[in-house]
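J.: This is the structure alone, sequence omitted:
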């Protein structure tokens, strides 16, 4: 299989209401496409745990997307609940991915340690949280992209054997 499927979910109250143009989501989709992922689904949802969870479950269980990337909702405000929503739907946590992103971010800014991004596996789907700013989303995704592709290959190989 040459192309892997990916979904990009932007978590933003203002974006979901059409009050802010999403630049992080399209930037992430462009980076993923550039390394062979086929973007099969995109969405913008508000910073609400039920909405985020529903979108993650839809992408993994219904759409059978191999990689789901979220942007936004990983900071310190009370509305930043993407990690909680993610951890509520994954079956296995993959803490090394956000650890690597934070390590890379710390090379750029001390604020990199403030990311609460999470990652994990649901079924045959890898879910990874990225920051909401386009610049930070690009930096974090670039830091882990080769490993993400390998992770999806391993998940696919495992599902074929079982």
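T.: Thanks, I have the structure now. Model, not experiment: these values are computed from the prediction.

J.: Just give me the longest helix of this structure.
T.: Assignment by DSSP state H gives helix 134-161 as the longest helix of the chain.

J.: Show me what counts as buried in stretch 103-120.
T.: By 16 or more other CB atoms under 10 Å, the buried positions in stretch 103-120 come out as 105, 112, 115-120. Glycine gets a C-beta too; all of them are placed from N, C-alpha and C.

J.: Quick one: residues contacting residue 56.
T.: 9, 68, 70, 85-86, 89, 122, 127 (CB atoms under 8 Å, 6 or more residues apart in numbering).

J.: likewise residue 22?
T.: 10, 12, 15, 44, 71.

J.: any chance you could map the strands in this structure?
T.: 4-11, 37-45, 67-71, 92-93, 119-122, 125-130 (DSSP state E).

J.: Run me through the strand neighbours of the fifth one, direction for each.
T.: For strand 119-122, the pairing partners within the sheet under DSSP bridges are strand 92-93 (antiparallel), strand 125-130 (antiparallel).

J.: Let's test this: mean pLDDT of the longest one, rounded?
T.: Read it as strand 125-130. Strand 125-130 comes out with an average pLDDT of 98.

J.: Please apply the same query to stretch 63-75.
T.: Across stretch 63-75, the per-residue pLDDT values average to 97.

J.: distance between the ends of that stretch?
T.: In stretch 63-75, first residue to last residue: 28 Å (CA to CA, to the nearest Å).

J.: what does stretch 60-69 give?
T.: The distance separating the two terminal residues of stretch 60-69, taken as CA to CA, comes to 11 Å.
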